[in-house]
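>>> this is a predicted model, with the sequence first.
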Amino acid sequence: MARSRVPRRGAGGAGRSASAGTFTLEDVAAAVGGRVVGRGARLTGVAPLESAGPSDLSWIADERRAPDGARSAAAAFLVPAESLAAGRPCVVVASPSLALAVWLEARRPPERPARGVARGAHVHRTARVSRGVSIEAGATVAAGARIGSRTRLRAGAFVGEGASIGEDCVLGPGAAVLAGCRVGDRCILHSGAVVGSDGFGYVWDGERHRKIPQVGIARLEDDVEIGANAAVDRATLGETVVGRGTKIDNLVQIGHNVVIGEHSILCGQAGVGGSSRLGRGVTLAGQVGISDHVTIGDGAVLTGQAGIARRGRVPAGVVVSGMPALPHREFLKRAALVGRLEAAFERLAALEEAVAKMRKGG
Amino acid sequence: MARSRVPRRGAGGAGRSASAGTFTLEDVAAAVGGRVVGRGARLTGVAPLESAGPSDLSWIADERRAPDGARSAAAAFLVPAESLAAGRPCVVVASPSLALAVWLEARRPPERPARGVARGAHVHRTARVSRGVSIEAGATVAAGARIGSRTRLRAGAFVGEGASIGEDCVLGPGAAVLAGCRVGDRCILHSGAVVGSDGFGYVWDGERHRKIPQVGIARLEDDVEIGANAAVDRATLGETVVGRGTKIDNLVQIGHNVVIGEHSILCGQAGVGGSSRLGRGVTLAGQVGISDHVTIGDGAVLTGQAGIARRGRVPAGVVVSGMPALPHREFLKRAALVGRLEAAFERLAALEEAVAKMRKGG
Amino acid sequence: MARSRVPRRGAGGAGRSASAGTFTLEDVAAAVGGRVVGRGARLTGVAPLESAGPSDLSWIADERRAPDGARSAAAAFLVPAESLAAGRPCVVVASPSLALAVWLEARRPPERPARGVARGAHVHRTARVSRGVSIEAGATVAAGARIGSRTRLRAGAFVGEGASIGEDCVLGPGAAVLAGCRVGDRCILHSGAVVGSDGFGYVWDGERHRKIPQVGIARLEDDVEIGANAAVDRATLGETVVGRGTKIDNLVQIGHNVVIGEHSILCGQAGVGGSSRLGRGVTLAGQVGISDHVTIGDGAVLTGQAGIARRGRVPAGVVVSGMPALPHREFLKRAALVGRLEAAFERLAALEEAVAKMRKGG
């Protein structure tokens, strides 16, 4: 039911891969650097174990998935060890998940966007646009902005005054990079993502919240991805920074002056308050809330909905959960202890009665 | 103060309803299928009990609202039983809330969008556009996309390559349905809603998070509504599915390969992680967080901010709260027990003292 | 590293401030109303203590920051008292933070957007547009809408049928104010903000969730700011209201018929359910969740991720935390008590053993 053909976007006859879109295990092994075991018929698609059909390639990530593999209708597998394939044809690789990524990438028909600036795009005469860009109708490039080579601006994308976008980027429909902000190479901004919105800074002047001008910028290093409708605020002064290779999911909020290290992962609806610093390789699961002026060490993992209060610190490498956040084991232990409270109150009452009786009885 | 006229959008003289926009209880009863009790003057508007004025219709949902009804200035009521109207004119119906919906719908002036493709809309020559559509200036329909009859694309709406939108849909300003995705009939996508953004899938290749190409699609069945700035990711492989009649509120996040059953309700800022499955008639209250690979049974209710961890299961029909989520009664009980802890610690200390004394004293 | 020049947006030679963008403490004192102590060289920028360089002005908010001031490389400070400047030149003011805001505003080069309606903007012939507006290519003003003097609509901004926007407002790229809604003077809507999306109202009719037409409006009073990708729903009937001077951060959700008082602060990803009422000067920290029909008193503060259940009430002036929310001290106390549970269970077991022994032993 949920089976899936690798979609063929190009109409083109001259496919890059085997005829009629089919492929063999040898094609896969060549692309992903693996070893073929057994002999398969021609394959037509890639699908998860549960939904794969008899002409699909699937993958078995590790031993725990082997029983699902045995039950699957898939024709062949990517496996970390031959023994997990249950006798079916397979390609043995170090990491089936990585091989899957490589193979899907190899199979993907190349996108061939219309190059150049479409009629109906609004590109200011002072903007500098490099070779090979694709700027669709309805996209805007404001005064003094720069767009790097082969970068693609979908309809409704917006690049503000003096902003710069690197090479090989994609700004999805309605994505916005506001005035003065900088985006590195190979970045992807999904639909509705906003980079460089004003930080949320006010000072009470006795009568009203007076806006503190947000005159800094937001800067994305290379290979950053920003999810749909996520927002990265510009700094009050200086820069908000998202480090190289960091991936940010949909609807995430990054406050002003935040600095995020390289290769971190921020899952859907996580939020990071102003001036907080996240290290390298940090993971924020969904809906995690980081207050302002917080420090998160390299490689720390915050599980779903965890919350860190203002000026809090999470050491490198730990896993924390809950609000207020605790080391994950401690979080689980406390939850279990709370689950025993009702019985504990009964034991306490029984003890009180026993002691009272003993005192009276003597 | 918060009184409200049913707004008259059309400038048009020839109103569909009574003269000068007024109406009678008989008009209401005919539209909603109820029984008139008493005789009212001409009514001019509809308003909640608290803000209704002396020419307004209001509604009393059930017995608990009867005292508010008695205090209200409303001229007449929709009621489930004559006795709740406190002697004022009323229309007796099985469900006043449903009757309200029907009546507001009946009163609403029909929208008459300009049909056709406006100048300034960007419709690819290979797109297929059915009769009666309204595609505003600034909307985009990419190559190979299909737009069903009478569907309306507001300014800045985007329909990607090969995507298809059914009949009688509305895509609000800036709403986007990305390449290959499918939207059924009578769907509403509010401003900034995104359907088909990439799933959040990476695999660490030793040096960086390598993107797993997201080559599946997102599919909305008929009668689905997606709130402002909500996001529904496309599947890695296969489909992300939102079932028929399911309603999704603003700023909700739906991960890749999620499958949501029919007639579910997902309130504001709820999030559902990758590959999770929600049954039919599920309710997620605001800010609920569902991790990935979770299963939620039919009719389950998750109260506000409840959280379900990875691979968790919520049985059909239960109500759960908190993080980690518990049956709602258990959640309340534990919270109450924790509230008694301070006293319990004192009792424990007193017992220890008493026992120590007994041991010493003999 | 994170040092920052006040950016110079205008290319213009004739700067408003000192030559080559430099300035003196006398300039600062004149602008912010302070007293100069010491004599400084010419300054070139403004930066926080940690990143300021030897030609930067910085600020010391209060005594606790004095040690950071002493360590800073800044040339001069804004201080509340001369003694905090550690002998360096300074400007003494009542509130350094306020002075910072005033000075940054004074230094900011005036934005000089192109006035008028750009070619490529879609302004309906029945719309009324006041003098001095700036409506960029790709912006839409629908039938019957009104745009006040000097208001700026960036590319992709949308003003719906009959909506009205006051004077001196800015609608960022892709911001939308939908049909009939009203925005006061000096409001800022950041990129992707949506005002007037449908409230989330349905009634089950036995077969499906039937939509309750949302025929009210949303109204923003003067000086309101709405963050990127935030959403304010229109009322079912009547109005959703955001009071004068209230500031709403990115990705916040405001449900239908909510009324928010003046000068409140709603931080990132907070959510407010339908028909809730927030007083004046309320603070919702990040990710706070307010259910529907809740009442929050004037000046109340809800800390990050706090949750208030349906029909809950938070009294004026209190600080609450957690879900279910408790007074902040009580929240902290309970968390601490839960942290002592493991030891308490041991004490309980020891007591049981002691009592059992005493009973047996006699």
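The structure has been received and is ready for your questions. Numbers count the residues shown, from 1 in each chain, chains lettered A, B, ... in the order given.

>>> going forward, measure contacts and count neighbours with C-alpha atoms only.
Noted.

>>> what about the closest residue to A:Met358 other than its chain neighbours, how many neighbours?
Excluding its sequence neighbours, the residue lying closest to A:Met358 (CA to CA, 6 or more residues apart in numbering or on different chains) is C:Arg359, at 7.9 Å. C:Arg359 has 12 neighbours, counted by other CA atoms under 10 Å in any protein chain shown.

>>> tell me the secondary structure at C:Arg359.
Going by DSSP: H, G, I helix; E, B strand; the rest coil, the secondary structure assigned to C:Arg359 is helix.

>>> from A:Ala350, how far off is it?
14 Å (CA to CA, to the nearest Å).

>>> hey, where'd the helices end up in chain A?
A:25-32, A:66-71, A:96-107, A:328-339, A:341-361 (DSSP state H).

>>> looking at the ones you listed, which is buried most?
helix A:96-107 (a mean of 21; mean count of other CA atoms under 10 Å in any protein chain shown).

>>> how about the residues of the stretch 151-300 of chain A by chain B?
Taking CA under 8 Å from any CA of the partner chain as the measure of proximity, the stretch 151-300 of chain A contacts chain B at A:155-156, A:173-174, A:190-192, A:227-229, A:245, A:249-251, A:263, A:267-269, A:286-287.

>>> contact partners for A:Tyr106?
For residue A:106 the amino acid is Ala, not Tyr. Listed by CA atoms under 8 Å, 6 or more residues apart in numbering or on different chains, the contact partners of A:Ala106 are A:Ala31.

>>> find the nearest non-adjacent residue to A:Trp204, please.
Using CA to CA, 6+ apart, the closest residue to A:Trp204 is A:Arg210 (5.9 Å).

>>> show me where the stretch 1-150 of chain A has strands.
Applying DSSP state E, counting those that start in this stretch to the stretch 1-150 of chain A gives strands spanning A:35-37, A:45-46, A:56-59, A:76-79, A:90-92, A:116-117, A:122-123, A:128-129, A:134-135, A:140-141, A:146-147.

>>> would you turn those strands into TSV with distance to chain B, mean neighbour count and mean pLDDT?
Formatted as TSV, these follow (distance: least, CA to the nearest CA, whole Å; neighbours: other CA atoms under 10 Å in any protein chain shown; pLDDT from 0 to 100):
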stretch	distance to chain B	mean neighbour count	mean pLDDT
strand A:35-37	19	19	96
strand A:45-46	8	26	95
strand A:56-59	11	27	97
strand A:76-79	15	30	97
strand A:90-92	17	28	97
strand A:116-117	14	18	97
strand A:122-123	12	24	98
strand A:128-129	22	20	98
strand A:134-135	13	27	98
strand A:140-141	12	30	98
strand A:146-147	22	24	98
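
>>> JSON lines for these, including distance to chain C?
JSON lines is the format used below for the strands of the stretch 1-150 of chain A (distance: least, CA to the nearest CA, whole Å):
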{"stretch": "strand A:35-37", "distance to chain C": "48"}
{"stretch": "strand A:45-46", "distance to chain C": "36"}
{"stretch": "strand A:56-59", "distance to chain C": "38"}
{"stretch": "strand A:76-79", "distance to chain C": "41"}
{"stretch": "strand A:90-92", "distance to chain C": "45"}
{"stretch": "strand A:116-117", "distance to chain C": "15"}
{"stretch": "strand A:122-123", "distance to chain C": "7"}
{"stretch": "strand A:128-129", "distance to chain C": "16"}
{"stretch": "strand A:134-135", "distance to chain C": "14"}
{"stretch": "strand A:140-141", "distance to chain C": "7"}
{"stretch": "strand A:146-147", "distance to chain C": "15"}
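
>>> check contacts around the closest residue to A:Val338 other than its chain neighbours.
The shortest distance from A:Val338 to any non-neighbouring residue, by CA to CA, 6+ apart, is to B:Arg334 (6.8 Å). Residues in contact with B:Arg334 (CA under 8 Å, 6+ apart) are A:Val338, A:Gly339, A:Leu341, A:Glu342.
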